[in-house]
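Peer 1: Please find the sequence and the predicted model below.
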2 protein chains.
Amino acid sequence: MSKWELEAQRKRKQILGAIPSSWILENAKQQMISAGFTNARDYIDTIMPPNEVAITNSTASELAKKISSGDIRAYEVCYSFCHRAAIAHQILNCCTEIFFERALQRAKELDKYFEETGKTAGPLHGIPVSLKDQFNLPGIDTTIGYVSYVGHKPPYESLLAKILEQKGAIFYVKTTVPMAMLADETESNLHGYTYNAINHKFTSGGSSGGEGALIAAGGSPIGLGTDIGGSIRTPASFHGLHALRPSHGRVTYLDVANSYLGQEVIPSVIGPLATSLGDVEMLMKVIVDSHAWELDPKVVPLEWRDVSAIKHQKLRFGVMWSDGFITPHPPITRALKETVEALKKAGHEVIEWKFPHQKEVLELAKKVFGADHGKEVFEVCKISGEPPAECIKQFVDFSVQEDGANVNVIDVTEWWKIGQEKSNLREKFFEHWGRTSEKTSDSRPIDALLCPVWPTSSFEEGESKYGADNYTVQFNVLDLASVILPVTTVSQTKDLPYHDFRPLTDRDEEIQSYYEPTRFDRMPVCIQVACRRLEEEKAIAVAAVVENSLKA
Amino acid sequence: MSKWELEAQRKRKQILGAIPSSWILENAKQQMISAGFTNARDYIDTIMPPNEVAITNSTASELAKKISSGDIRAYEVCYSFCHRAAIAHQILNCCTEIFFERALQRAKELDKYFEETGKTAGPLHGIPVSLKDQFNLPGIDTTIGYVSYVGHKPPYESLLAKILEQKGAIFYVKTTVPMAMLADETESNLHGYTYNAINHKFTSGGSSGGEGALIAAGGSPIGLGTDIGGSIRTPASFHGLHALRPSHGRVTYLDVANSYLGQEVIPSVIGPLATSLGDVEMLMKVIVDSHAWELDPKVVPLEWRDVSAIKHQKLRFGVMWSDGFITPHPPITRALKETVEALKKAGHEVIEWKFPHQKEVLELAKKVFGADHGKEVFEVCKISGEPPAECIKQFVDFSVQEDGANVNVIDVTEWWKIGQEKSNLREKFFEHWGRTSEKTSDSRPIDALLCPVWPTSSFEEGESKYGADNYTVQFNVLDLASVILPVTTVSQTKDLPYHDFRPLTDRDEEIQSYYEPTRFDRMPVCIQVACRRLEEEKAIAVAAVVENSLKA
C-alpha cells in the first residue's frame, strides 16, 4: 500500500472512530440489503428509536418552531441527528468529519440559554446544519477530496459558518466531495465512494454528494453545498430534495475553501439543500438578513425582498423540454408534462422555450473548466502522490499535464475572450427572456423557466458517462437563480422508453440507451424552476406556486 | 504626411465642419489669451449672448425644472449648449463628434410633445447630455482615441444612451479620450490634446478629459464618463466638478465600447460628471430607476435607496492625509484640513485612516493593467499604422510588443492569482473598515473615507510624470463608491510649499518639486468622499453633508 493509500485509510478510520461505539454497526450497508432495503431512509427508520425517527423526519422549520416553543430541547434534536448521521455514514459513506461531542455540548449551552432567558439565540436555535467539506471550522480538517490536504486546518472560520452559528445553528458533520469538487459523482482517493440514499446502487451525485445523501437519509435536516456546474442541484435532484443554486453575490463564500481560486468567469456559489421549500427559504432569509456584505466585498447589499404577492398572481412560464443535444429520459419528460398541465389547470400560462445559443453556453463552460488543463489538480495531487480521481477525468483532460507540457495553459488574452463571450451569452439570454413578452397572452415576459435538472434521474456507481451536466451548467454560465423541485418518482409502468426516439447525437443515443424502467423504478424526479440573476426570492416563491399546483 | 496622419487631419476637419459657420471663431484659443483670459468658462461668458450665458450657467436640475414648468423651451436650452460646446471645442479641443442638427430637431420634437400633452417625456426632458466617446449612437463614429477606428459605427446603440433618451435627454456631442482610455491626460493621434477649461496651460485630465473640459467650460450641464483607474475623477477634480465613480454593477455598460473587453478583475465603470451634487444624484437616480438589470446581466437589481436620514445624523469619517507613497501638494492637504475642521465643527467625528495593505493595492492595479503588455493597443494601432500614443506609455510598457516577443503575456493561472489577490485585498479592506468601530466614540464603523483625488490640483500639458493615480486607482481595485467634491482653489498666498517636506520616495520628491504656488494659483481642489461597495446613494448623501459643513 502506498503512502497516500495508508494516509487515506487512516483518515477513514479516524472518521469512524469519532462515532460512539454504541452507534457502530457491523457491515451496515450489507445489513440494510439483507433486510430487503435499497432505500437508506426507509431502512434507518426501522432501526432507530421512534422518538429519534420522528425528530429526524421533521423539517428544520418544524424543529425550530418546536424548540422555540419549548416543546423539545436542542439536545434531543442534536442527539437524534448525530445518531442518524452516524448510521447514514456507515451505509452511504457521506461524512468527511464527525464532531458530535462538540455539537452536543453546544446543544446543551443553547438549551441553557433558552431556559435562562426564555429566548432563542436566533432563528436557527438548535438546528443541526451539515456542511460540505469546503467550509472551514476551527480545528477541523478541510480536505476538498484530496489526500494531499489531510491535516489541513486553516486558522480561520468560514464567515457563513460564523453567521449560522450566531443564529443558533449547530455543526456536527462535514460531508464528502469528489476531488476538487470537479465531478457529478462523489468519489475521492481519500474517502472512496458516496452512495445514493434512495437506492444504494446509484450515485449520490456531485459534487455536494455527501450533503445530498446525508439529508435524504434523514441524517441532516438542512445543509449547505456549492455549485459551479450543478453541484448543489445534481445531488438534490438524485435524492428528491429541495435546493437552491443562488446567483453569485447573494451568499457569502468568504473563507470557504475552493478549487481554482480567482477563476471569476464562472464562480462557484453556495446554496441550501433541504427536505422542503420552506426550509430553503428560511435558511436563505437568515443568510441574507445577516448583511454579510458588510464583511464580504463579493456579496451584493440586496435585502431579502417581499415577493408574497406572487402566490396570488397569474404567472408565465417558459418550458424547455430538451436542450436540443441530450433528450431527458421518459420520467423526466413526464415530470415536466405533469408540471405544465398542473400549472395550466391552475390558470398559469406556459410557453415553449428555445434559446438559440444553447450550444455556445455549453461550450463556454468547457472552455472555462478546461482552461488550465487540470494543472492545479495535478499539482495538488503531487503533494501526496495520489493520482487524479477517475471521476473527474470526464471534466478535465489531464493528458497535457501528464506529458509535462503545461505550456499549453491558455494565456490571459484568450481568457479575456472567454470572459467576454460569457458576458455576450448572458446578454443574449436576457434579451431572449425579455422577448418572451411577444409570445405571452398579456405581453409580459416569463416569470420563470422550467426545465430538467439532469437527463436521467441518477446513474449507477461509476456510470457517469450516462450523465451530462447540460441542464445544470447552463445556469452557472448564465448565473440564474434555480430551485430544485421534486415532482414525482420513476414508475416502471408509466415511464416506458420512448417508442419514437430519434437520437440527436451519438451521446444522446448512448444516454438514452441507459434508460430501463426497472433500473430507475422509484428513483426521484426533480425539475428546475429558474428565475433571472439575483431573483432568489422570486425563484423560491414561484417554485412554491408550482409545488402547490402539482399538489392540487 | 503618413496615411494615418491624413486620416486624423480629415477627421478633425470633419468635426469643425459640423459647427455652423456663424459659430466658427478664428484662432479661438489665441483670441481668449489675447483677451487676457486663461479660464475658458470666464472667457466664453464674455462672448456669448447673455440669455445663452444664463442658460449655460444653470445646473441640469434647474433647467429641468424650468423646462417642465414651461418657463423655457428645450430648443433654447439645446441651442445655447450647442453654441457653447462649439466655442468650447474650438478653444479646448474636447469633442470627437458634433451633431447639433439632430439635437435641435429632437429639442423641437420634445417642445411639441410638451405643448401638446402638457407633460414631459421624463425627468431629463430637454436636458443636453454629453457622452464620452465610448458611447455608441446610431450612425456616429466611436473611435476611443484610435485613428484605427475612424469610420467605426457599431450597428447598436448603448443601452444607457437609449435609457437617457427615453427619459428626455438630448445628445449633441461626444467627447475626447486618450487612446484606449489608458491615460490621465487626454491626447490621441486622432484628436490631439484636450486642454483644461480652468487654465488652458493645464491638462484636462483623463481619460474622461473631454467631458471634464466641456462641462467646466459650460458647454454641457452634465455628462457621462468612465473610470478604470480614476478616469471620471481626475478630469472632474482638475476642473472643480462634482462626479461619482459608482461601484461595478450599478450603471449599465451594455454596448458601450471599451478597451480590454473581458478583463473583469478591475472593470471600468460609468458615472456622471456635473456642476452640482444635486445633478449627480438626479442622473444616478434616473439611471437606477430604469431597472437596467432587466436587460443587462451585469447590473445588480438594487433600487435607489432612501438615505435622507443621513443629513440629520452625526457621521463618522476616516481621513487619509497621505497614502504613504506620494504626498499631496499643500493645497490638497489644506482642502482636507478645512474639510475635517468643518465636519468637526458641525458635530461629526473624524479619525485617521491608514490601510496597511495600500502598497499591495497599488501594485495589483499595475499587474492588471500590464497583464498583456499592451498587446491589444499594439494590435489596434497596426490597423491604421499609428504609433501608441505617448501619454499611455506611463501605464503600458510596450517594449515587449515592440520586440515582437509577446509570448510574455501572462498565462491564465497567473491571472487567477491576480484575481484572488484582488479579492483578498478587498476582504482585508472591508475588515479594516469594520474595525474603525474600535476607534470611534460610539463604536460604529466610519460612514465614509475622505482623501485626496490626486497629489496635485492638475498638471501642465505633457507633464503627466508629475502626476500619480495612487489616490484614484485604489478605489477601482477596492470597488468603492466615490464622490468628487470641490472644496477650494489653490491660493498662491495660503498654499506655500511645505517647509518641512521629507520625501517618502524619489517619485514623491519629483512630484512635490513640481509644486510652485504661482503655477497652480486658482486651480480647483477637490477631495474624494468614498463609501463602501454599491453605496452610491450614501456616498452622495454623505458628500452633501460634507459640502454643507464646508459652506457653514
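Peer 2: Perfect, thanks for sending it.
Peer 1: how much space between the closest residue to A:Leu283 other than its chain neighbours and A:Val251?
Peer 2: Nearest residue to A:Leu283, sequence neighbours excluded (CB to CB, 6 or more residues apart in numbering or on different chains): A:Pro272, at 4.5 Å. Placement of C-beta: from N, CA and C, glycine included. A:Pro272 sits 9 Å away from A:Val251 when distances are taken as CB to CB, to the nearest Å.
Peer 1: Find residues that contact each of those two.
Peer 2: A:Met284 (CB atoms under 8 Å, 6 or more residues apart in numbering or on different chains).
Peer 1: what about A:Pro486, which SS state?
Peer 2: Under DSSP: H, G, I helix; E, B strand; the rest coil, A:Pro486 falls in the strand class.
Peer 1: Quick one, grab the pLDDT at it.
Peer 2: Per-residue confidence (pLDDT) for A:Pro486: 98.
Peer 1: Where do the strands of chain A begin and end?
Peer 2: Under the criterion DSSP state E, chain A contains strands at A:95-98, A:128-132, A:170-175, A:187-188, A:192-193, A:222-227, A:242-245, A:269-274, A:316-319, A:349-352, A:448-452, A:481-489, A:524-531.
Peer 1: Could I get those strands in CSV, plus columns for distance to A:Val546 and mean neighbour count?
Peer 2: Converted to CSV, the strands of chain A look like this (distance: least, CB to CB, whole Å; neighbours: other CB atoms under 10 Å in any protein chain shown):
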stretch, distance to A:Val546, mean neighbour count
strand A:95-98, 33, 25
strand A:128-132, 26, 28
strand A:170-175, 28, 28
strand A:187-188, 33, 26
strand A:192-193, 33, 16
strand A:222-227, 20, 29
strand A:242-245, 12, 30
strand A:269-274, 17, 28
strand A:316-319, 8, 22
strand A:349-352, 11, 15
strand A:448-452, 8, 26
strand A:481-489, 6, 26
strand A:524-531, 6, 27
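Peer 1: want to try JSON lines for those, with distance to B:Ala74 as columns?
Peer 2: Formatted as JSON lines, the strands of chain A follow (distance: least, CB to CB, whole Å):
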{"stretch": "strand A:95-98", "distance to B:Ala74": "68"}
{"stretch": "strand A:128-132", "distance to B:Ala74": "59"}
{"stretch": "strand A:170-175", "distance to B:Ala74": "63"}
{"stretch": "strand A:187-188", "distance to B:Ala74": "68"}
{"stretch": "strand A:192-193", "distance to B:Ala74": "72"}
{"stretch": "strand A:222-227", "distance to B:Ala74": "51"}
{"stretch": "strand A:242-245", "distance to B:Ala74": "48"}
{"stretch": "strand A:269-274", "distance to B:Ala74": "47"}
{"stretch": "strand A:316-319", "distance to B:Ala74": "39"}
{"stretch": "strand A:349-352", "distance to B:Ala74": "42"}
{"stretch": "strand A:448-452", "distance to B:Ala74": "42"}
{"stretch": "strand A:481-489", "distance to B:Ala74": "42"}
{"stretch": "strand A:524-531", "distance to B:Ala74": "40"}
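Peer 1: Looking at those strands, spot the one closest to A:Leu159.
Peer 2: A:Leu159 sits nearest to strand A:269-274 of all the strands of chain A, at 10.6 Å, using CB to CB.
Peer 1: what sits up against that closest one?
Peer 2: Outside strand A:269-274, the residues that touch it by CB under 8 Å, 6+ apart are A:59-60, A:160, A:208, A:211-212, A:215, A:221-228, A:232, A:235-236, A:241-248, A:250-253, A:256, A:279-280, A:283-284.
Peer 1: pLDDT of that strand, averaged?
Peer 2: 98.
Peer 1: Now do the helices in the stretch 251-400 of chain A.
Peer 2: For the stretch 251-400 of chain A, applying DSSP state H, counting those that start in this stretch gives helices covering A:277-289, A:330-345, A:358-369, A:375-384, A:399-402.
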